[in-house]
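# Give me a 3D structure for the following:
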Amino acid sequence: MLCLLAVGCGEASPFPEGSIMDRIRDRGVLTVGIKFDQPLFGYKDPASGRITGFDAEMARLVAKDLTGSERNIRFVETVSRERENFLKQEVVDLVIATYSITSARAEQVSFTDPYYYAGQDMLVRSGDSTIRDVSDLNGKRVCTAKGSTSVERLRSLLPGADLEIVDVYSVCVPALISGRIDAVSTDDTILHGLMAQHPDTLRLVGKPFGREPYGMGVRKEDTVFRDHLNGLIASWLRDGQWDRAFMSTIGVSGATSESSKPR
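Prediction:
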């Protein structure tokens, strides 16, 4: 039974010999870089230790394809600034961590086609009516994460904002609640997850600016792996697996997939 759950007891590999897919199949475990502090996308439950969220479900689908079981997976916490390093250093096989596709990052890693689209938005205190759109952040204290595309966009649009740049978004939330900062700005899907933990205290402004395509990242030379993952993403979009993953994670917040699902 253990053999069947892993790689099929020595049966011929369906993947090119020597490819990373072939090596993962032989190893029997897929290692994925993911965030641990982003509810609805990548979140480690402090009680059970289970990793939940849409990115986690995407990773489990990859593990099932490569190893025969979604349980054959090891998650490694990967904050924004470490994503490229973890791939280059072979700490992980791939990164699925709200990883926006940019030309600068694509010089260092290979990205799949987008598996999700997000828009940058703002999270503020429920009682704060002074922030209605992105221009209202000028002169405000705004928290975001190091290594994210959100930093670049905020610097470009808001030269008068006081940016507090941290390693993980979860650090921003207590600072926002206490009044030490005025807003958290990043992808709306990340903010939905943070707001879900404090629904009576925080609100999403709901005026997204910019659009972020999320891709799975692999090592620059792993183009065969990237192409295989592209085929998987396309099949999940066709057969309903993408929709089921969305509804069981992001969908519980009330968000719809209309603008997020690749077409």
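
# Dump stretch 119-127 to PDB, keeping only the CA atoms.
Output of stretch 119-127 as PDB, limited to C-alpha atoms (Å, rounded to 0.1, in the frame of the first residue of the first chain):
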ATOM      1  CA  GLY A 119      -5.500  43.400  -7.700                       C
ATOM      2  CA  GLN A 120      -3.600  45.600  -5.200                       C
ATOM      3  CA  ASP A 121      -5.900  47.100  -2.600                       C
ATOM      4  CA  MET A 122      -5.800  48.700   0.900                       C
ATOM      5  CA  LEU A 123      -6.700  47.400   4.400                       C
ATOM      6  CA  VAL A 124      -7.600  50.000   7.000                       C
ATOM      7  CA  ARG A 125      -9.300  50.200  10.400                       C
ATOM      8  CA  SER A 126     -13.100  49.900  10.200                       C
ATOM      9  CA  GLY A 127     -13.700  53.400  11.700                       C
END
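
# Touching that stretch from outside, list them.
With C-beta atoms under 8 Å, 6 or more residues apart in numbering as the test, stretch 119-127 has contacts from 131, 134, 137, 150, 153, 176-177, 179, 182-188, 191, 194-195, 200-212, 259. Where you see a C-beta, it was placed from the backbone N, CA and C, and this is true even at glycine.

# give me that answer again for 6 Å
131, 150, 183-185, 187-188, 191, 201-205, 208-211 (C-beta atoms under 6 Å, 6 or more residues apart in numbering).

# Same question for stretch 67-85.
Against stretch 67-85 from outside (C-beta under 6 Å, 6+ apart): 5, 28-34, 36, 51, 60, 63-64, 86, 92, 95, 97, 108-109, 145-148, 167-168.

# Please list the members of the residues you listed that lie in helices.
5, 60, 63-64, 86 (DSSP state H).
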